[in-house]
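J.: 3D, please:
(one chain, ligands or ions: 1)
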Amino acid sequence: MARTIAAESWGHSTVRTACPLDCRDACTLDVTVEKGRVVKIDGGDVNPVTRGYICAKVRRFSERLYGEDRLLYPAIRKGQKGQGTFSRISWQEALDHIAERMEHIRDTTGAEAILPFCYGGSNGLLTQDTNDATLFRAFGTSRLARTVCAAPTGAANLGLYGKMAGVTYADYVHAKLIVLWGVNPAASGIHLIPYLRDARRLGAKLVVIDPRTTSLARQADLHLAPRPGTDLPVALALHRYLFEHGVDERFLAEHTKGADALRARANEWTIERAAQQADIDAGALERFAEMYRSSSPALVRCGWGLERNRNGGSAAAAVLALPAIGGKFGVRGGGFSMSNSTALGIKADAWMNDTPEPRTRLVNMNHLGRALTEYTDPRVEMLFVYNCNPLATMPDQNRVLEGLKRDDLFTVVYEQVVTDTARYADVLLPATTFLENYDIAKSYGPITLQLVRPVIEPVGEARANAEVFSDLAARLGIGEAEEETDTLLRIAGRLPQNLSAELLETGSATPPFGGTPIQFVDVFPLTPDRKIDLFPAALDAGAPAGLYGYQADPASDKYPLALISPASEKSVSSTLAELRQRSAALQMHPSDAQARGLATDDPVRVFNDRGEVQCPVALNADIRPGTVSLPKGLWRKSTYNGSTSNALVPDTLTDLGGGACFNDARVQVASLGKH
Ligand code: SF4
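T.: Numbering: from 1, shown residues only. The predicted model follows:
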């Protein structure tokens, strides 16, 4: 397949493609190009989920494409790490230099001293887990556990349901009760909003569980604002209530196992005790329990906000178990909704396992700071970063920074723009964006698969991941260089069912069950015995306090405030956060501010033993007392002192899945003027 975009894009044209960024929706895009430049990005109207509109973030994507931070050519560091001064080199020089360094490390220390580091910055099937995986597997580098997000919820869903597909957007209108638990679609996954509105118009009740009074919480019939990290007791109290008020024993016997063990753990949590722990009103919690018990179809949308703490895996498991105990499956609009990333049966193993994964060292990405500063046997000598900006997104930011400053660390950053991490690179490689390369976009809210087409020629000398990694592999004697289109055809050819032909011919593939499967009618648990395992032994053994075991709040007298860092409407994780103009403000309840003598716009220090963030404060009655908030994905320039919330986040791991505990940061706040 040859690229024909030059002819298509000259003059004026609108090209249909899709958004592969790390967002549930995977919008269809209509991108208008004039004389080879993107002039407008809009939502396509053929996609019933996109409905002709997209988020403001991607509407601005051309500011990243052509902005002053765009990486235009390969470059090598001049001066100190972090200064951000580089000089241009050719692709050949850059790749030769990297290949030589990789060979030298392999021949002296061993290839495990090389740590590839990537995440969902470019979330399509082609830009990760293809030629990059082949290269690093064959070379024998350290492996990365990519668990910064969705690992605890994923572990819970896998353990209980074998990752059964969930309810999709179109079926929300059938629900009589919708519970949004730890999720704010107004900031991430905006295309759920019209479906919620339609469901409300048809009489659905809405319950929102969030420590902030979000716009949806304001409209809800019931809003619970638990202290971060206490979703587990809240969910277990619901289970106890459901068990006490009668459950569908036939369904439990036929379709589940482990209900007694779950019941035993839930029995510890009365409504009163859970409400006290979560610092919410017991009467409101009981009302919620009764609303859930008595409503059908009832739908729980389990978000990722509730997983980002020490109890996150068990909390997700308890929330996902609710429809089983409450008898909510088997009707359209009933059950749970979380990630549908596996609903099409696509597994990267289909193409990655040509080169099996070696049993080299596995590094949890949330421990990057530790890995760079403490790991020996072997010490990390080379960090290869792509699709990711770890200095902005990983916990324990100061330790990550300390590691990146190491003179004896050789860092490659392959990126679209000069990120915070890129400033510490030894070699910079310019990457294409999804408007310049082919990809395959898989949504994880709706169930869709779409072809991402390049709508313009690469800006500057940017190159696509698939080509660069195969080119580097060829230099290292591992396989042959491959054109991006050949990688596309190879991957597409290994998709399950008939997805490939339809995808390549029409640009999208038809999902099974019309994209709206009913749980326990169309789809069933994918566990070995096809039953819901409400108490998987492996999860129980893996969690420090056992499955559904509660671990106490890490707050202290010195650091009493819980700091959260929820998704914002300004960036997709840290992607596009470079476009923020103003300093981010710490959101704080007026009662907490008053106790500290603070007023809106006062400069403050937010601190704990790990670090300090300096920024303005904004008094906001929409956040619960005792909790403060900074946006997720901030770049260092968005605060006064170059630290973001992650400087205050411990690198401890969640109870299940090895996830990040972003919401376990406990802090104090004081006026900057006083210190
Ligand atoms: S980030 Fe999400 S909402 Fe925005 S265009 Fe991409 S898929 Fe659509």
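
J.: ok, and the closest non-adjacent residue to the residue of the stretch 501-650 of the chain found nearest the ligand?
T.: For the stretch 501-650 of the chain and the ligand, the shortest gap (Cβ to the nearest ligand atom) falls at V572, measuring 5.1 Å. C-beta: built from backbone N, CA, C; applies to glycine. Nearest residue to V572, sequence neighbours excluded (Cβ to Cβ, 6 or more residues apart in numbering): L21, at 4.7 Å.

J.: where does the one you found land in three-state SS?
T.: Using DSSP: H, G, I helix; E, B strand; the rest coil, the secondary structure recorded for L21 is coil.

J.: with the one 5 residues further on instead?
T.: For A26, the secondary-structure state derived from three-state DSSP is coil.

J.: so it sits right up against C19, yeah?
T.: Yes: A26 is within contact range of C19, at 6.1 Å (criterion: Cβ atoms under 8 Å).

J.: which positions within the longest helix along the chain qualify as buried?
T.: Ranked by number of residues, the top helix in the chain under DSSP state H is helix 91-108. Across helix 91-108, burial judged by 16 or more other Cβ atoms under 10 Å covers 94-95, 97-99, 101-102, 105-106.

J.: T230 contacts A275, doesn't it?
T.: No: at 9.6 Å, T230 does not count as touching A275 under the criterion of Cβ under 8 Å.

J.: quick one: name the residues of the stretch 101-250 of the chain near the ligand.
T.: Neighbours of the ligand within the stretch 101-250 of the chain, by Cβ under 6 Å from any ligand atom: I190.

J.: for the stretch 101-250 of the chain, which segments count as helices?
T.: Under the criterion DSSP state H, counting those that start in this stretch, helices of the stretch 101-250 of the chain are mapped to 131-139, 151-161, 192-201, 215-219, 231-244, 249-255.

J.: can I get these in a markdown table including mean neighbour count and mean pLDDT?
T.: Below are these laid out as a markdown table (neighbours: other Cβ atoms under 10 Å; pLDDT from 0 to 100):
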| stretch | mean neighbour count | mean pLDDT |
| --- | --- | --- |
| helix 131-139 | 23 | 96 |
| helix 151-161 | 26 | 97 |
| helix 192-201 | 17 | 97 |
| helix 215-219 | 16 | 97 |
| helix 231-244 | 25 | 98 |
| helix 249-255 | 14 | 96 |
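
J.: can you list those in JSON lines and add distance to T506?
T.: JSON lines is the format used below for those (distance: least, Cβ to Cβ, whole Å):
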{"stretch": "helix 131-139", "distance to T506": "26"}
{"stretch": "helix 151-161", "distance to T506": "30"}
{"stretch": "helix 192-201", "distance to T506": "25"}
{"stretch": "helix 215-219", "distance to T506": "35"}
{"stretch": "helix 231-244", "distance to T506": "41"}
{"stretch": "helix 249-255", "distance to T506": "37"}
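
J.: picking up where we left off before, can you check which residues contact both of A26 and C19?
T.: Residues touching both A26 and C19 by Cβ atoms under 8 Å, 6 or more residues apart in numbering: A441.

J.: good, we can wrap up now.
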